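In: Pasting a predicted model and its sequence here:
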Amino acid sequence: MIRLQKAIADSGFCSRRKAEEYIINKKVFVNGSLISELGVKVDENDEIIVDGNSISKQDKEYYVFYKPRSVICSTNDDKGRKTVIDFFESNKRLYPVGRLDYDTTGIIFLTNDGEFTNMILHPKNKIPKVYIAKLEGIIDGYSIKKIKNGVIIDKVKVIPDRVKLKSIDKKNNTCIVEITIHDGKNHEVKKIFESVGCNVIKLKRESIGFIDLTGLKSGEYRRLTIKEVKQLYAYSNDTKRK
Ligand code: URA
């Protein structure tokens, strides 16, 4: 038997502190009974519902997917285009955690866990997302500096965590820039470069937090382990404090 808040945190649903808040705020049921005090103990057979979500491990699924180009980040598409969901056989109601554009490749999580989704996407958690952008033309130092200092996107100032010119291809008049951001506005990376007059011709997301595409080919996925889910929660608590 373990403490209820530990069981909730161990499931990857949220931190232990947050689990205590849920209990005190009368948002937790165990086997149908409302629990509002700390100290209750449970085992793996108990049915735990937190804020309307069952945290039974078998109910939650977490995947890392290597999204190919020409795939839409949605659960269905009225234009009949291929969606990220088409790659999965799970009978759970999975959905993508945030979006990558139709022509963007790279890492995206899929889950059926709303709390996890919020944790990954909420800008306050500052989970870094690393992108590799291929630009038309060769970006100058002044534009890189301008981006580093922050540019206005959709009326809000966006300051990337990191911007680095990786390589220049003079023959084809292109360059590669690595950019790390932690908020997820629509088309954010493309808009950041557009703001200094640069056109992104290829975009790939390489990592989310400490999770990257190691071992995956385009179109492949793997499950996130419960340990990785927990580590992402811990990571978000760390980055939030910085
Ligand atoms: N920024 C973009 O412009 N596109 C993406 O797909 C992701 C981030």
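Out: Perfect, thanks for sending it.
In: Now for residue 81, how many residues are close by?
Out: The burial metric for residue 81, expressed as a neighbour count using other CB atoms under 10 Å, is 13. Any C-beta I mention is one placed from the backbone N, CA and C, and that applies to glycine too.
In: repeat for residue 127
Out: Neighbours of residue 127 under the rule other CB under 10 Å: 22.
In: wait, it sits on residue 182?
Out: Yes. In this structure, residue 127 sits in contact with residue 182. The criterion is CB atoms under 8 Å, and the distance is 6.0 Å.
In: Which residues are in contact with each of the two?
Out: Residues touching both residue 127 and residue 182 comprise residue 239, with contact defined as CB atoms under 8 Å, 6 or more residues apart in numbering.
In: So which bits of the chain are right by the ligand?
Out: Remark: the part of the chain in contact with the ligand comprises 100, 101, 104, 187, 188, 189, 190, 203, using CB under 6 Å from any ligand atom.
In: Contacts for the longest helix seen in the chain, please.
Out: Ranked by residue count under DSSP state H, the longest helix found in the chain is helix 226-241. Helix 226-241 is contacted by residues 9-12, 14-15, 57, 62, 116, 119-120, 124-128, 182, 209-211, 224 when judged by CB under 8 Å, 6+ apart.
In: Show me those residues that map onto strands.
Out: Restricting the contacts of helix 226-241 to those inside strands, with DSSP state E as the criterion, leaves 62, 211.
In: Any of the contacts of helix 226-241 buried? List them.
Out: For those, a neighbour count by 16 or more other CB atoms under 10 Å gives the buried set as 9-12, 14-15, 62, 116, 119-120, 125-128, 182, 209, 211, 224.
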